[in-house]
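Engineer: Compute the structure for the input listed below.
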Amino acid sequence: MKPAYVSDLGPDQAVTSTFLVWEKELLQTRDGKPYLRLELADRTGSIEARMWDGFEPVASSLGRNDFVKVQGRAELYRNRLQLKIDRLRKVAAGEINRADYFLHTAEDIERLYRSVADCAASMANPWLRRLAESVVLDPAIAPKLKRAPAAKTMHHAYEGGLIEHVASLCGLCRRAASHYTEVDPDLLLTGAILHDIGKIDELEYEGETGYSSEGRLLGHILLGLELVRGKIDAIEGFPPHLARVVEHILASHHGREEFGSPRPPMIREALLFHYLDDLDSKMGAMRASLDSPRGEPEWTERNAALNRQILRLDRYLQATAAEAQAGEEATPSLFDLKPGEKR
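Structural biologist: Alright, predicted model coming up:
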């Protein structure tokens, strides 16, 4: 564990710790004095940092997603915490523990992966089973599927987030299919396994999560369709109409054009899958806010994905129960009243 995290820092605090570089700029003050500006981060957040003297030897070799050890002091500048760096050196990736800098699923990655592979193997439709397994068991895809986040910021935005999201959706699809018996469960499971597969190439996640050039140009839906079409073409005799249905579920899973879907859901399975995907995404976003220490005692900070703050219900109910108990203790019972006294 590293000595100090961003969330530990406070005004006028001496700091000696390691951080991930998000941004680096060589700037000048108004009177022409050069200085180094950095955005430093770890798994708890980020902080702006500035170094005024002696930064030249290391600055030229420093870039985004490098690790650095800094010595300095946290200070308030215009009511915002900032780090003033006195000493700085680059740190080799082998000297750090990635878990200190990058959020990661709390679930067991291999267990999640096995559950998704089992879902693929459980399909009764041989064509859909072969298609799903050709993706999940592909040795060029599996390592990315295990490691990729499901998004940059919106939901499951951490290493292993994609496989966690897919495994969760597989469970939801099975339950929904047992309730809505008119839908094809194999089509729902195929949607769960394949809908976000384009994110393994849309996102870059060696360091801070960002978008690849391919991701910026096409997005994960088009990248996923391209990958799945390639897998379908490799399965001799794959029914063409079934291929179109699978592609439609992938193309429509965001629900509406303004949310990125080329077409809206036009079959039962596509409509149901869209809402299951939306549900799991929103519950993941809510879970991330509730797990974060930031915000007020009873309220989280504003969640950008949900456009609201979230009430910490357990704390709220505890406070309500404590107030009710205090009120009961303050109110005398009939047996405690003296003759002539009123309650």
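Engineer: what about the longest helix in this structure?
Structural biologist: Scanning the chain for the helix with the most residues, using DSSP state H, yields helix 268-291.
Engineer: Pull out the buried residues from it.
Structural biologist: 269-274, 276-277, 280-281, 284-286, 288-289 (16 or more other C-beta atoms under 10 Å). For every residue, glycine as well, the C-beta is placed using N, CA and C.
Engineer: Now do stretch 56-65, average pLDDT.
Structural biologist: Here stretch 56-65 scores 84 as its mean pLDDT.
Engineer: Kindly check the end-to-end length of it for me.
Structural biologist: 19 Å (C-alpha to C-alpha, to the nearest Å).
Engineer: Am I right that G237 falls within a strand?
Structural biologist: No. With DSSP: H, G, I helix; E, B strand; the rest coil as the criterion, G237 is located in coil rather than a strand.
Engineer: List phi and psi for it.
Structural biologist: Note on G237: backbone dihedrals following degrees, to the nearest 10 are phi 90, psi 10.
Engineer: Same question for A41.
Structural biologist: Dihedral angles (degrees, to the nearest 10) for A41: phi -150, psi 160.
Engineer: okay, now it: neighbour count?
Structural biologist: Per other C-beta atoms under 10 Å, the neighbour tally for A41 reads 20.
Engineer: next one: N79
Structural biologist: For N79, using other C-beta under 10 Å, the count is 5.
Engineer: Name the nearest of the buried residues of helix 268-291 relative to S261.
Structural biologist: H274 (8.1 Å; C-beta to C-beta).
Engineer: returning to what we had before: and which of the buried residues of helix 268-291 is nearest to P143?
Structural biologist: G284 (22.3 Å).
Engineer: Show the contacting residues for the closest one.
Structural biologist: A150, H155, H156, G161, H165, S168 (C-beta atoms under 8 Å, 6 or more residues apart in numbering).
Engineer: can you tell me which residues contact the last one?
Structural biologist: With contacts defined as C-beta under 8 Å, 6+ apart, the neighbours of S168 are D280, G284.
Engineer: Alpha carbons of the host helix or strand of it, in PDB - could you do that?
Structural biologist: Here S168, judged by DSSP states H and E, is contained in helix 161-179. Presented in PDB, the C-alpha positions along helix 161-179 are these (Å, rounded to 0.1, in the frame of the first residue of the first chain):
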ATOM      1  CA  GLY A 161     -15.900  -4.100 -15.200                       C
ATOM      2  CA  LEU A 162     -16.900  -5.500 -18.600                       C
ATOM      3  CA  ILE A 163     -16.900  -9.200 -17.600                       C
ATOM      4  CA  GLU A 164     -18.700  -8.300 -14.400                       C
ATOM      5  CA  HIS A 165     -21.400  -6.500 -16.400                       C
ATOM      6  CA  VAL A 166     -21.700  -9.400 -18.900                       C
ATOM      7  CA  ALA A 167     -21.900 -12.000 -16.100                       C
ATOM      8  CA  SER A 168     -24.600 -10.000 -14.300                       C
ATOM      9  CA  LEU A 169     -26.600  -9.600 -17.500                       C
ATOM     10  CA  CYS A 170     -26.400 -13.300 -18.100                       C
ATOM     11  CA  GLY A 171     -28.100 -13.900 -14.800                       C
ATOM     12  CA  LEU A 172     -30.700 -11.200 -15.400                       C
ATOM     13  CA  CYS A 173     -31.500 -12.700 -18.900                       C
ATOM     14  CA  ARG A 174     -32.000 -16.100 -17.500                       C
ATOM     15  CA  ARG A 175     -34.400 -14.800 -14.800                       C
ATOM     16  CA  ALA A 176     -36.300 -12.600 -17.300                       C
ATOM     17  CA  ALA A 177     -36.700 -15.400 -19.800                       C
ATOM     18  CA  SER A 178     -38.200 -17.600 -17.100                       C
ATOM     19  CA  HIS A 179     -40.800 -14.900 -16.500                       C
END
